[in-house]
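# no FASTA, just this:
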């Protein structure tokens with residue numbers, strides 16, 4: 001029997017790898033030589049330029065540092081402002097809803113100012129000592145009514161119904177106000 005001796009797969013693989021490594025080595029040497037021979041002047045010029053501009057770089061870095069320090073210092077103030085805004089949103093805030101105020105002068109009876117509607121607390125915290133300050137005037141600027149309607153406390157995000165008659169004497173009313181007052 002005759003055995004055929006040929007080139008094995010392993011030998012071919014090593015040959016290809018050797019050629020590739022040789023090409024890479026030649027490329028690296030060529031690149032290194034180009035930097036040493038032609039790039040030395042460029043490198044020295046770059047270092048001289050950097051050294052000459054180092055003051056500008058330092059000034060720019062100091063300015064950035066100052067900006068960051070200012071931002072850091074103001075961050076605390078900003079947080080306090082946001083916390084105050086949150087507290088203001090939670091604070092009791094009363095509004096009048098379906099509010100009707102009218103002068104009623106029944107025949108042969110005492111006249112009265114009727115106030116109806118709802119007082120709504122749109123804040124989340126309760127409103128204490130809620131009252132309506134009612135002031136009404138007759139012709140000639142005569143004050144006919146100056147009184148309060150007490151409603152007590154109104155919880156946050158809640159309401160109270162108002163249905164009040166404030167009696168007075170004299171001629172018809174020409175103007176009136178009903179102002180909400182409360183404490184926190």
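Now that the structure is in, tell me what you want to look at. Bear in mind the structure is a predicted one, so any value in this text is a computation, not a measurement.

# average model confidence for the helix or strand hosting residue 46?
Assigned by DSSP states H and E, residue 46 falls within helix 40-52. When pLDDT is averaged over helix 40-52, the result is 73.

# same question, stretch 168-177
pLDDT averaged over stretch 168-177 gives 96.

# in it, which residues are buried?
168, 173, 176 (16 or more other Cβ atoms under 10 Å). Any C-beta I mention is one placed from the backbone N, CA and C, and that applies to glycine too.

# outside of that stretch, which residues touch it?
By Cβ atoms under 8 Å, 6 or more residues apart in numbering, the residues outside stretch 168-177 that reach it are 101, 103, 105, 110-113, 133-139, 142, 144-145.

# go again with 6 Å.
Stretch 168-177 is contacted by residues 103, 135-139, 144-145 when judged by Cβ atoms under 6 Å, 6 or more residues apart in numbering.

# how long is that stretch end to end?
Stretch 168-177 has an end-to-end distance of 15 Å (criterion: Cα to Cα, to the nearest Å).

# all the strands of the chain, in order from the start?
With DSSP state E, the ranges of strands along the chain come out as 94-104, 112-121, 127-138, 142-154, 158-167, 173-183.

# what's around residue 122, how many residues?
If you count neighbours by other Cβ atoms under 10 Å, residue 122 ends up with 14.

# domain parsing for this structure?
If you go by automatic domain parsing, the domain ranges for the chain are 27-88, 94-183.

# lowest-confidence stretch among those domains?
The stretch with the lowest mean pLDDT among those is domain 27-88, at a mean of 78.
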